[in-house]
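Q: Build me a model from this:
(2 chains)
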Amino acid sequence: MEFIVASAIGVMMAAGVYLVLRARTFPVVLGLSLMTYAVNVFLFATGRLAVNLPPVISAEATGYTDPLPQALVLTAIVISFGMTAVIVVMALRSYLESGTDHVDLDHATHAGDVASSDNPARATATGTDRERATGGGNRS
Amino acid sequence: MSLAFIVLLPFLGAVLPALMIRAGRNACAIATGAVTLLALALLLGHAPAVMKGEVLWYGFDWVPSLGLNIHFFLDGLGFLFASLILGIGLLIIVYARFYLAKEDPMGNFYTYLLLFQGAMVGIVLSDNILLLLIFWELTSLSSFLLIGFWGHLPEGRQGARMALAVTGGGGLSLIAGMLILGNIAGSYDLTEILARTDVIQASPLYLPALVLILGGCFAKSAQFPFQFWLPHAMAAPTPVSAYLHSATMVKAGLFLMARLWPVLAGTDAWFYLVATTGLVTMVVGAGIALFKDDLKGLLAFSTVSHLGLVTMLLGLGSPMAAVAAVFHVINHATFKAALFMNAGIIDHEAGTRDIKRLGGLLFLMPVTATMAMVAAASMAGIPPLNGFLSKEMMLEEAGHTVWFGQGWVFPVVATVAAIFSVAYSFRYIVHVFFGPKRDDYPGAPHDPPAGLWLPPALLVGLVVAIGLFPETLVGPLVRVVATAVIGGPPPEFHLSLWHGFTPALFMSVAAVVIGLLALAGYRRVRAVWAAGPHPDAKAMFDCLLASVVAASQWITHGLHNGSLQRYLAMMLGAAVVLGAGAFFGGPHLPGTRALQPVPLAVWVVWLLLLAACLGTVMLHRHRLLAVLVVGVAGLVVSVGFIYLSAPDLAMTQISVEVGTVILILLALYFLPKHTPVESRDPRRWRDAVLASLVGLGVGGLSWAMMTRDFETLSGFYLEQSVPGGGGTNVVNVILVDFRGFDTFGEIIVLGVAALAIFALLDGAVRGDAGRRLSAWRPEFALTADRHPMMMVIATRVMLPLALIVGAYIFLRGHNMPGGGFIAGLVVSIALIMQYMASGFGWAAQRMRIDYHAFIGAGVLIAAATGIFSMSLGYPFLTSAFDHVHLPIVGEFEIASAMSFDTGVFLAVVGAVMLALANLSRLGRRAGQAPVSESPMDIDPSTGRRRSRDRNRDRVIKGS
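A: Numbering: from 1, shown residues only, chains lettered A, B, ... in the order given. Below is the predicted model:
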């Protein structure tokens, strides 16, 4: 059983990392979800694995699994929902603002698929413009 | 106590000028002067005790675990420097009142000046070296403000920056050195350190500590090769130059060398480092000073030279040299501050301080000229002025110093420096005040008002008086200070003008004669100088700085080029490298914990999870499919939680999963439906390798952890859950009772996240985003049924059922799997289904709920529960069950925990609904789709489709 859980954590983590490294916001969101699963299960597993020993006190129970990691993970799941929601909405807003869902905004400017490249606020925001713009060329 | 007050007064008083400037410039100056005067009076009140040789101490512990304590002490050395700082400070305050122009912000100036003054007094009175370091850095910062006071001048800004870079860099070196020193001595208190000479000099860390400390001192005191910053700091207003760069800040390095003299001096390393540096600085500074045409530049290099002189004397390591060093510190402060103020007067009245444009001022400014001549003669070392006395002592000491077996080096170089010194001092007199009157002065030179000449005149008076009656006036003081520097009784000496025909006298006479000859043939000397090489220290410094900046930019831009993908890859790569380093760096034993058996069904579910993960990666370009496949992974995790005895987690995970999928689908409505192929193969392989390594690492870590036994504090929770928390579901009891404060924090975080989402989406209807949203048209075919009847009916029927289930889960939560979190999620999903089935407009008109208020109410209710227990005298969030003894205890206890859980429930509902409802509201903006007036597209009473056009007409009419 331990192998099952450990390998599941590893596989979810690996898939999450691969997706997080993609260039568009949407796969990043999916990757973060997978990483969240992996981290939550990992935290849960710090209480070790137990079958049929729920931490609900009763006279028939033969024993209990560790409740503390469960309490931690329960709030972690809810918080990670909040986090996912914020990231999804940030991805949406940045797509609406810039017209692209690439994770690197200056890449978008460079690629020219953004109408606001003549926007002075953007021009100053990118600061060390030239290096950035040329550096963007060799990124995918 | 009054010791700390002397230090504190200038800091406290620093507010006064900023306030008093509203009452006028005089009031401002008087307030500033009063602060300094008070501090000086407090200090002089201790004079009798100090002159008797007592050491006053005051302090209290600040952070004793770090050895950082507020400890002050006052001995002769501290007394001398503190009185110089406060005394000359007082004169400078008067002088600055008349020097600064109307448009200069005088309030700022005096505030900076007092901050600087406090920091300097702090340095000289600190007993704790960590405290000293704090004050040391404060002087660098406040002097930066003062040097850059005229921020509109580029030289002012550059000079201030250079001074900060050099002295601040020196400060870092000093910190390192002092920490080593304190470590060797086992204490950071100077009084302790000074008693441990043997331990410190025997330590192998003595040399590193010495070099680092000297680095800080040399940088601060502008010793070679750090001499270059001082002339550039002359861009400061003259009062600042007179104060910082003659009497106080540049002497901080000397002070520290004198302070640590008993523990650091006396070794070969000390002698060769300090004395040689001092000697080189002395002669180089004096040489450059002769060829400076800017009066302040001349004085700046002269200061460098005199600081070198004192450094050299301290470096010699003999008690008599230390006496001479102390005496010269006093003398230099008097004549050099007077000269700086004098140069300021000339600049102020004649309109220039360029020697080439001056001359013949003697009869135009007789008072100024007289003062300048006396002070400059003292600087040249002409009897009977005080400069002569200490210069004689210096030549005497240099005369019998042997350097690397050579007895001639020190006397000859010192005499050469003295020759230059005579030449530049007389150049100041001759080229400025003598010669024919000119008619091309930029200003109309005349003697200044008394406020400008009185402060230097006072110092000039001291120059003469100390010269004539040295033993009477400063003899006792020099003895007391020398005692403090040497750390024991000083040698017998007698300060007097005439010592007989000593070698030093002949060196002095030679210096005066040759110096005057050099000045007489100044054109030829200058031509020789002009022909030689002139390494420009500023250019070198700028070049060094530029190369450092270029190097750091190369590193920064390499790592930090704006690509988030690159950052992430680097962070993950670094984590893999560090983890691998730790893993392969030590031995490993396999875990010993017994493994759980694996039934066949588990393997199947495991394969499903693997397939889901792989599928997400393979299908991630088809976004809709990928969302569904990720959902499968989430469901498998929920199933896993059920199997592994975590029913609460399973319920939470599954309801969160539903919410997440709805959320992502709502967002995906606007986002592109496909991800284009962008990465080339090598990039994808790199990411795949990185991802595999991270997965392997995390999986391996999990395996290692799960196969080992552990200790847990959960026994307490399991035992206390029923008697202490009154619930059988231990997870829920932990959440709402034992760790209720954590949960309280979590719901606040959730609420803040929801508000952030609201802010992000609320702003999306304006600006670029708003325009894109209005112009947005679906790029895919919409279904003909926008609000399908089956779904509408189903959600309507589901709503009361879901609400009941939510209430049930909520109520039983304390004793069975469930609780506020899960109930909140279930209820939110039930409500959001109404939006999905019949559209935002229709649903929002029927559910007039303010979700912001839900979040706020939830947090407030949870807080009120906690505060209620406080009102009964128990800690925040104490469960009422524990403490209130009522006949029906169980019921009361349930009410308490449930009240908290209600807060959790409301916050969760509010947060989830606020996020999802605002996301679906965006759809209304997009393409200005009409609000549905009816719950579904089909009118069941007629069985016909409602006309879209009619709907639209109505909307237009209504709007």
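Q: OK, now which residue of chain A is nearest to chain B?
A: For chain A and chain B, the shortest gap (C-beta to the nearest C-beta) falls at residue A:10, measuring 2.2 Å. C-betas here are computed from N, CA, C, even on glycine.
Q: My read is that that residue contacts residue B:693, right?
A: No - Residue A:10 is beyond contact range of residue B:693, at 10.4 Å (criterion: C-beta atoms under 8 Å).
Q: Of the two, give the one with the bigger neighbour count.
A: Just comparing residue A:10 and residue B:693: by other C-beta atoms under 10 Å in any protein chain shown the higher neighbour count belongs to residue A:10, 24 against 19.
Q: Quick one: residues contacting that one.
A: Residue A:10 sits next to A:38, B:695-696, B:698-700, B:702 when contact means C-beta atoms under 8 Å, 6 or more residues apart in numbering or on different chains.
Q: Next one: it from residue B:308, what distance?
A: 67 Å (C-beta to C-beta, to the nearest Å).
Q: can you list the residues of the stretch 751-900 of chain B near chain A?
A: Contact residues, the stretch 751-900 of chain B versus chain A (C-beta under 8 Å from any C-beta of the partner chain): B:753-754, B:756-757, B:760-761, B:763-764, B:767-769, B:772-773, B:815-817, B:821, B:825.
Q: Need the buried ones from these selected in ChimeraX.
A: Buried residues among those (16 or more other C-beta atoms under 10 Å in any protein chain shown), as a ChimeraX selection:
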select /B:753,754,756,757,760,761,764,768,769,772,773,815,816,817,821,825
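Q: May I see the domains of chain B written out as residue ranges?
A: Using automatic domain parsing, the domain parsing of chain B gives B:270-499, B:535-575, B:597-676, B:729-959.
Q: how about JSON lines for those, with mean pLDDT added?
A: Formatted as JSON lines, those follow (pLDDT from 0 to 100):
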{"stretch": "domain B:270-499", "mean pLDDT": "87"}
{"stretch": "domain B:535-575", "mean pLDDT": "86"}
{"stretch": "domain B:597-676", "mean pLDDT": "91"}
{"stretch": "domain B:729-959", "mean pLDDT": "78"}
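Q: Can you tell me the closest non-neighbouring residue to residue B:522?
A: Once flanking residues are discounted, residue B:522 sits nearest to residue B:427: 7.0 Å by C-beta to C-beta, 6 or more residues apart in numbering or on different chains.
Q: Need the three-state assignment for residue B:754.
A: Judged by DSSP: H, G, I helix; E, B strand; the rest coil, the three-state class of residue B:754 is helix.
Q: so it sits right up against residue B:916, yeah?
A: No - counting by C-beta under 8 Å, residue B:754 sits too far from residue B:916 to count as a contact (9.6 Å).
Q: Please enumerate the helices of chain A.
A: Assigned by DSSP state H, the helices in chain A fall at A:2-20, A:25-45, A:67-98, A:105-111, A:120-125, A:129-135.
Q: want to try a markdown table for the ones you listed, with distance to residue B:431 and mean pLDDT as columns?
A: Shown next, in a markdown table, are the helices of chain A (distance: least, C-beta to C-beta, whole Å; pLDDT from 0 to 100):
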| stretch | distance to residue B:431 | mean pLDDT |
| --- | --- | --- |
| helix A:2-20 | 73 | 94 |
| helix A:25-45 | 72 | 93 |
| helix A:67-98 | 67 | 90 |
| helix A:105-111 | 59 | 53 |
| helix A:120-125 | 51 | 39 |
| helix A:129-135 | 51 | 40 |
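Q: Dump these to JSON lines, plus distance to residue B:615.
A: Formatted as JSON lines, these follow (distance: least, C-beta to C-beta, whole Å):
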{"stretch": "helix A:2-20", "distance to residue B:615": "9"}
{"stretch": "helix A:25-45", "distance to residue B:615": "11"}
{"stretch": "helix A:67-98", "distance to residue B:615": "19"}
{"stretch": "helix A:105-111", "distance to residue B:615": "28"}
{"stretch": "helix A:120-125", "distance to residue B:615": "38"}
{"stretch": "helix A:129-135", "distance to residue B:615": "34"}
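Q: who wins for proximity to residue B:246 among these?
A: Across those, residue B:246 has its closest neighbour in helix A:120-125 (44.2 Å, C-beta to C-beta).
Q: Surely residue B:816 is within a helix?
A: No - membership of residue B:816 in a helix is not supported by three-state DSSP, which gives coil.
Q: so it makes contact with residue B:730?
A: No - with contacts counted by C-beta under 8 Å, residue B:816 stays clear of residue B:730, the gap being 11.4 Å.
Q: between these two, what contacts are shared?
A: Joint contacts of residue B:816 and residue B:730 (C-beta under 8 Å, 6+ apart) are residue A:56.
Q: tell me the contacts of residue 16?
A: Chain wasn't specified; assuming chain A. A:31-38, B:691.
Q: hm, I was asking about chain B
A: Residue B:16 neighbours (C-beta under 8 Å, 6+ apart): B:31-32, B:35, B:110, B:114.
Q: ok, 6 Å please
A: residue B:31 (C-beta atoms under 6 Å, 6 or more residues apart in numbering or on different chains).
Q: Look up phi and psi at residue B:674.
A: phi -130, psi 150 (degrees, to the nearest 10).
Q: swap in the one 10 residues further on?
A: When quoted as degrees, to the nearest 10, the phi and psi of residue B:684 stand at phi -70, psi -40.
Q: Which single residue of the stretch 801-950 of chain B ends up nearest chain A?
A: Counting by C-beta to the nearest C-beta, the stretch 801-950 of chain B gets nearest chain A through residue B:915, at 4.7 Å.
Q: can I assume that residue is in contact with residue A:85?
A: Yes - counting by C-beta atoms under 6 Å, residue B:915 does reach residue A:85; the two are 4.7 Å apart.
Q: what residues do these two have in common as contacts?
A: Joint contacts of residue B:915 and residue A:85 (C-beta under 6 Å, 6+ apart) are residue B:757.
Q: more crowded one of the two?
A: Using other C-beta under 10 Å as the criterion, residue B:915 and residue A:85 rank with residue B:915 on top: 31 against 26.
Q: Please list the outside residues in contact with the helix or strand containing the residue nearest to residue B:522.
A: For residue B:427, the element it lies in under DSSP states H and E is helix B:409-433. Contact partners of helix B:409-433, identified using C-beta under 6 Å, 6+ apart, comprise B:279, B:282-283, B:286-287, B:289-290, B:298, B:355, B:358, B:361-362, B:369, B:373, B:376, B:379-380, B:395, B:398-399, B:401, B:403, B:507, B:511-512, B:514-515, B:518-519.
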